[in-house]
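Peer 1: Kindly return the folded structure for what I paste below:
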Amino acid sequence: MTDFPELPARAFAKEDPSPDEAFYSFPRFVAHIDDAAIAAVTGLYRETLPTGGVILDLMGSWISHLPGDGDYRQVIGHGMNSEELAANPVLSRYFVQDLNESQTLPLDSDSVDAATMCVSVQYLQKPVSVFRDVMRVLVPGGGVVVTFSNRCFPTKAVAIWQELSGQEQSALVALYLRRAGFAEVEAREVLPGHGTDPLWAVLGRKSK
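Peer 2: Presented below is the predicted three-dimensional model:
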C-alpha cells in the first residue's frame, strides 16, 4: 500500500477476503462493547462534539452512543446494513457504503461539523483514503473521534491490527490521521479495562 511503504505488503489483508457486503448482509442488533465502554464513548462525545452541529456517524449500526441530551442539528449515519441503520432512532438520514470498495463519501465538502467512528476502524483496508475524504467533508476546524476496544470480528479485521496492542493500535490510528492530513492528532486511553472492556480514542482536527 503506497500510503504505508514501511509496512509489509499484506498488512491490510484479511483472513476472509470475501466481499464485506455479504458478511454484513444480515442485521446484528447487539452491542459490540460493554456498558462501561459505551458510557465512556458517550462521555467523550459529550466533551468533544459541537452542540448544534451536523454529526457524521461512520461505520455505525442501530446505536450511535451519542448523548441523549445532545442537541445536534443533524446526525448522518453510515454503515453496511440498512436494517440496522433504519432502526437507529438518532439518525436524521443514512447511507450504505462499503468503504473498502469506495472511499468517496456522498457528502459535500465542508458540510459536516464532526465525525465519529466507533469500534470499526480495524476493518478499514484503505484507512488513509477514507480519512482523507472525511477531512474533505469536515468544516474547517472540524474534528473526527475514532474509538476502539479489543473486540473485533477477527476474520474481517486487517492483519496488522491483530498483531498490535491497544497502545500500538492507537499509534497506528494516529498515523492514519496524520497521513490523511489532519492538522492536530491526539491519542487517549479512555478506559484501562480493569474489569471492563478497554477503550482507546484518537482525535483529529482539520486545520481552520
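
Peer 1: Parallel or antiparallel, list what pairs with the longest strand along the chain.
Peer 2: With secondary structure taken from DSSP state E, the chain has its longest strand at strand 138-148. Sheet pairing for strand 138-148, assigned by DSSP bridges, gives strand 112-118 (parallel), strand 199-205 (antiparallel).

Peer 1: Could you export the ones you listed as CSV, including distance to residue 46, mean pLDDT and mean neighbour count?
Peer 2: Where you see a C-beta, it was placed from the backbone N, CA and C, and this is true even at glycine. Shown next, in CSV, are the strands paired with strand 138-148 (distance: least, Cβ to Cβ, whole Å; pLDDT from 0 to 100; neighbours: other Cβ atoms under 10 Å):
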stretch, distance to residue 46, mean pLDDT, mean neighbour count
strand 112-118, 12, 98, 24
strand 199-205, 13, 98, 23
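
Peer 1: Residue 33: which of the ones you listed is closest?
Peer 2: strand 199-205 (7.2 Å; Cβ to Cβ).

Peer 1: Can I get the closest one in PDB? Just the C-alpha atoms.
Peer 2: Taking Å, rounded to 0.1, in the frame of the first residue of the first chain, the C-alpha atoms of strand 199-205 are listed here in PDB:
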ATOM      1  CA  LEU A 199     -11.300   1.900  25.300                       C
ATOM      2  CA  TRP A 200      -8.900   4.000  23.300                       C
ATOM      3  CA  ALA A 201      -9.600   7.100  21.300                       C
ATOM      4  CA  VAL A 202      -7.800   9.000  18.600                       C
ATOM      5  CA  LEU A 203      -9.000  12.500  17.800                       C
ATOM      6  CA  GLY A 204      -8.100  14.500  14.800                       C
ATOM      7  CA  ARG A 205      -8.800  18.100  13.800                       C
END
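
Peer 1: residue boundaries of the helices in the protein?
Peer 2: Under the criterion DSSP state H, the chain contains helices at 20-23, 35-48, 82-86, 127-137, 159-162, 166-180.

Peer 1: Those helices: which one's closest to residue 7?
Peer 2: Comparing those by their distance to residue 7 (Cβ to Cβ), the top pick is helix 159-162, with 6.5 Å.

Peer 1: so for stretch 8-16, what's the average pLDDT?
Peer 2: Stretch 8-16 comes out with an average pLDDT of 94.

Peer 1: Could you do stretch 54-67 as well?
Peer 2: Per-residue pLDDT over stretch 54-67 has a mean of 96.

Peer 1: just for this structure, where's the confidence low?
Peer 2: 1, 29 (pLDDT under 70).

Peer 1: Is it possible to get a markdown table of the helices of the chain that adds mean neighbour count and distance to residue 55?
Peer 2: Below are these laid out as a markdown table (neighbours: other Cβ atoms under 10 Å; distance: least, Cβ to Cβ, whole Å):
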| stretch | mean neighbour count | distance to residue 55 |
| --- | --- | --- |
| helix 20-23 | 14 | 24 |
| helix 35-48 | 17 | 9 |
| helix 82-86 | 16 | 14 |
| helix 127-137 | 22 | 12 |
| helix 159-162 | 16 | 25 |
| helix 166-180 | 19 | 18 |
